[in-house]
Structures are given as structure tokens and as C-alpha cells.
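A.B. asks: Based on what follows, work out the 3D shape:
(chains A and B)
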Amino acid sequence: MHNTALAEWTLARFTSKPHAAAILGDLEETSGQKGNAWFWWSYLRILLACAWRPMVAYFVLIATYADGSVGSRVFSVYRHSVISHPPTPTEDLWLGGLLSTFISTLSSVAMYACLRFGLRDIVTKLTVAATLIGIGGMAFWWHPVLRLAVCLAALALFPIGMSSSAGRRGMASCGP
Amino acid sequence: MNESLGEFEQIVLLAILRLGEDAYGASIRAEIEKCTGREPTPGAMYTTLDRLEQKAMLTSRMGEPTAERGGRAKRFFKVTKTGTAAVIRAQRSYQNLLEGLKLLGGAHA
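C.D. replies: Numbering: from 1, shown residues only, chains lettered A, B, ... in the order given. Sure, this is the predicted structure:
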């Protein structure tokens, strides 16, 4: 019998507690024939398989958020190509400050979701869509009709997000 | 939408179908090893099981804890209708590709 409380606790950080216990139980059962070395080698490989996506995604999230450049780059393009005058204090506050921070946050979350859940996941699709809508909102802020279209597209994301979150609730797994 | 299956996903689904009610991590691993002659990578097996469950091709339920497993429960897997349909579709594709080829000592019909 192995002392695996810490191993189980660590694995449960990346999957659910019952699933981690079942995996350790499988290894415990098989290690009777295969031995201790096999047990720990298999455990490390499972831990790596379960942990690499969340870990990489987490570091990318921190790095991109700390960089925070996506929103300010979009604002810079907008400032030089769309508005011919120097930005007014309102434009500076709403577009240069709040909206660019919002876009930077969204793009970081989208990057995290891409790595953590994969491109096919609904959360990834929603965050990427929200980021694009945010960038669109900034780029077309000057045009009343396009601005309205962007706002409507942003509103449309809410019911889609709410309906998909019900299906994901309580989901915890190793896989993407 | 008809999701396609990777080779290892098919192997896992077929092993679970073969095991019936007794399909859990250790038995699936042993069945794959027995039938294919190769030991599945532990990490790949559990991520594949989780992915197949997310694709609604598998369901899982927790069993009762047993002493030989250090008091831990088994997680039993069952292939859903979606999973069975996906395996059949994948196997038909292989059969279609094999048709007319003289492999395994004769022509496949």
C-alpha cells in the first residue's frame, strides 16, 4: 500500500476529487503486479497529462495580462487611422482607458481558454467572439450604425453564454 | 454533428464495449494491452476517457470503494449510443478502405 494522500490531493487540483481517487485506485490495483516504480512513473505521467494545459494557460494568462498591450495597440491604430483630431478627454477615458483595458483582459482570457479548453470549446468561442466584438466596438465607435450592431452582437453573446454554462457546470476533467 | 474518432479513441471505446459492465481504468488498460499487445500511456488513457465523456460518447459512474484499491472507488465507464454510432462509422470507413485489398491473406468483401 502506498502513502498517496499528497499525490491524490495534487492530482485533484487538476481534475475532480472522485476522479483523482479513482485514478490512484487504478494505479494501486495494478501496481500489485507491476511494482512501486511503475506506480510512481505512471502517476507522474498522468499528473503531467492533466496539469500541462492548465499550467501553461495560467502562465500565458498572467504574461498577456501583465503585458496588457492588445487594447492599447488597438487604440493606437484607431487613434492614428480613424480619428483625424487628437483624442478628446472623453475618447481618452472611454477608448484609451476603460475599453482598451477591457479588450486586454478579454484577449488574455481568450488566450487562456484556447490553451486550457481547446479551440472547439464553447467558452473559447465565446471569449474569442467577445474579444473581436470589443475590438470592433472600439474600431467602429465613430459610426452610429456599426456601433449599434456591435452592441447588439455583444448582447447576443449573453443568452448563448448562459445556455452553454449550464452544460459545463460541475465539469472537471484532465482532457481538453 | 458527426464527430470523427482518432485511432486511440476507437481502441478505448472498443475495449469498453468488450468489457461491458466491468469497464474501469485498470480493466480498460489491461484489455487494451491484452488485445493490442501494447501498454497504453496512462496519461493518454485518462485524458482520452475524459475527452470522450465530454463528447457524450461515454458516461461514467462511481462504484463502491474496495480494499485492494486502498479504499478507493472505481470509476465505471459505459459507451453511449453516440459513441457506439461513432465506432461503427469509423470501422465502416476502415472496411471500405480495405475492400478489394489482398491483406490478411485474402481479398476483403
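A.B. asks: only C-alpha atoms for contact and neighbour calcs from this point on.
C.D. replies: Fine.
A.B. asks: Grab the nearest non-local neighbour of residue 20.
C.D. replies: Let's take chain A. In space, and not counting its chain neighbours, residue A:20 is closest to residue A:12: 5.2 Å by C-alpha to C-alpha, 6 or more residues apart in numbering or on different chains.
A.B. asks: wrong chain, I was asking about chain B
C.D. replies: Nearest non-adjacent residue to residue B:20, counting by C-alpha to C-alpha, 6+ apart: residue B:78, 7.4 Å away.
A.B. asks: Test my guess that the one you found contacts residue B:23.
C.D. replies: Yes: proximity of residue B:78 to residue B:23 meets the contact threshold set by C-alpha atoms under 8 Å, at 7.2 Å.
A.B. asks: Give the residues shared as contacts by the two.
C.D. replies: residue B:16 (C-alpha atoms under 8 Å, 6 or more residues apart in numbering or on different chains).
A.B. asks: I figured the residue nearest to residue A:20 hits residue A:23, correct?
C.D. replies: No: with contact taken as C-alpha under 8 Å, residue A:12 and residue A:23 are classed as non-touching, separated by 10.1 Å.
A.B. asks: Compare neighbour counts for the two and give me the winner.
C.D. replies: It is residue A:23, of residue A:12 and residue A:23, that has more neighbours when counted by other C-alpha atoms under 10 Å in any protein chain shown, with 26 against 20.
A.B. asks: per-residue pLDDT, that one?
C.D. replies: As predicted, residue A:23 sits at a pLDDT of 95.
A.B. asks: And residue B:31, by the same measure?
C.D. replies: 95.
A.B. asks: Who are the contact partners of it?
C.D. replies: By C-alpha under 8 Å, 6+ apart, residue B:31 lies in contact with B:15, B:19.
A.B. asks: Try it again at 7 Å.
C.D. replies: Neighbour list for residue B:31: residue B:15 [criterion: C-alpha atoms under 7 Å, 6 or more residues apart in numbering or on different chains].
A.B. asks: Neighbours of residue B:55, how many?
C.D. replies: Neighbour number of residue B:55 under other C-alpha under 10 Å is 13.
A.B. asks: For it, give its distance to residue B:5.
C.D. replies: Between residue B:55 and residue B:5 the computed distance is 10 Å (C-alpha to C-alpha, to the nearest Å).
A.B. asks: for the chain, which spans come out with low pLDDT?
C.D. replies: In the absence of a named chain, chain A is used. For chain A, the stretches flagged by pLDDT under 70 are A:1-2, A:68-71, A:74-75, A:78-85, A:87, A:94-96, A:141-142, A:161-176.
A.B. asks: hmm, I had chain B in mind actually
C.D. replies: B:1-2, B:104-109.
A.B. asks: ok, 80 please
C.D. replies: Along chain B, segments meeting pLDDT under 80 span B:1-3, B:102-109.
A.B. asks: For burial, what's the neighbour tally of the residue in it positioned nearest to chain A?
C.D. replies: Closest to chain A within chain B is residue B:43: 3.9 Å, counting by C-alpha to the nearest C-alpha. Here the number of neighbours of residue B:43 (other C-alpha under 10 Å) works out to 19.
A.B. asks: Grab the nearest non-local neighbour of it.
C.D. replies: Residue B:43 sits nearest to residue A:46 (C-alpha to C-alpha, 6+ apart), 3.9 Å away.
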